[in-house]
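1. Got a sequence here, can you model it:
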Amino acid sequence: AGLCVFQEELKPGDIIEIFRSSCQHWALYLGEQQVVHLITECEHFADGSPNPLAILSERVCVKKDWLEDVVRKDRYRVNNKHDETHPPLPLSKILWQTEELVGKEMPYSLSSQNCENFVMELRYGPEMSEQVRGLAWETCVCSPNKWL
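-> All right, here's what the predicted structure looks like:
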């Protein structure tokens, strides 16, 4: 459906870097064309419509979505960039802890608790995420279309 992968085919546990027009968005591939990522629309009005003020908060939601819905028409690639220096957690642990977080609200900080840190911690564990914090703070910003 017009999706572009620069590297090998996707495998469960892969980190996906999505190139938006003004930033990058990050997701973790679960398999069967589904990903987990962070969104800003945690709060909704009674009619189900998103609360536009939610984007101003320091909270995000963990969401499972179809890969195609998250990537849209943007380019993306597998970016397991720390595999050579930090082995990933066992796949069963990655998938279990990811599923446990779906639907949960989490703190968000552009510089230390962003979407890249989120997927790094899922794949490599909290120790690796601590090393990444602050290094890529500009890659994950809130945008008006709900994706971080």
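2. can you map out the strands along the protein?
-> 15-19, 24-31, 34-39, 59-66, 75-78, 105-107 (DSSP state E).
3. how about the second one: buried residues?
-> Of the residues in strand 24-31, those with enough neighbours to count as buried (16 or more other C-beta atoms under 10 Å) are 24-30. All C-beta atoms are positioned from the backbone trio N, CA, C, and that covers glycine.
4. So in that sheet, which strands flank that strand, and in what orientation?
-> strand 15-19 (antiparallel), strand 34-39 (antiparallel) (DSSP bridges).
5. Nearest to Thr85, out of those?
-> strand 15-19 (14.3 Å; C-beta to C-beta).
6. and for the closest one, what are the contacting residues?
-> The contact list for strand 15-19, computed with C-beta atoms under 8 Å, 6 or more residues apart in numbering, reads 10, 24-29, 35, 67, 70-71, 74-81, 119-120, 123.
7. ok, and for it, which residues are buried?
-> Applying 16+ other C-beta under 10 Å to strand 15-19 flags 15-18 as buried.
8. any chance of the strands of the chain in CSV, with mean pLDDT and distance to Ile94 too?
-> Output for the strands of the chain, formatted as CSV (pLDDT from 0 to 100; distance: least, C-beta to C-beta, whole Å):
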stretch, mean pLDDT, distance to Ile94
strand 15-19, 94, 10
strand 24-31, 94, 8
strand 34-39, 94, 10
strand 59-66, 92, 14
strand 75-78, 94, 14
strand 105-107, 87, 17
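9. looking at those strands, which is closest to Pro87?
-> If we rank these by C-beta to C-beta, the stretch that ends up nearest is strand 15-19, at 13.8 Å.
10. Only C-alpha atoms, please: export the closest one in CSV.
-> Extracted C-alpha coordinates of strand 15-19, given in CSV (Å, rounded to 0.1, in the frame of the first residue of the first chain):
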residue,chain,number,x,y,z
ILE,A,15,12.0,-0.4,16.1
ILE,A,16,10.5,1.6,13.3
GLU,A,17,11.7,5.2,12.6
ILE,A,18,9.0,7.2,10.7
PHE,A,19,10.1,10.3,8.8
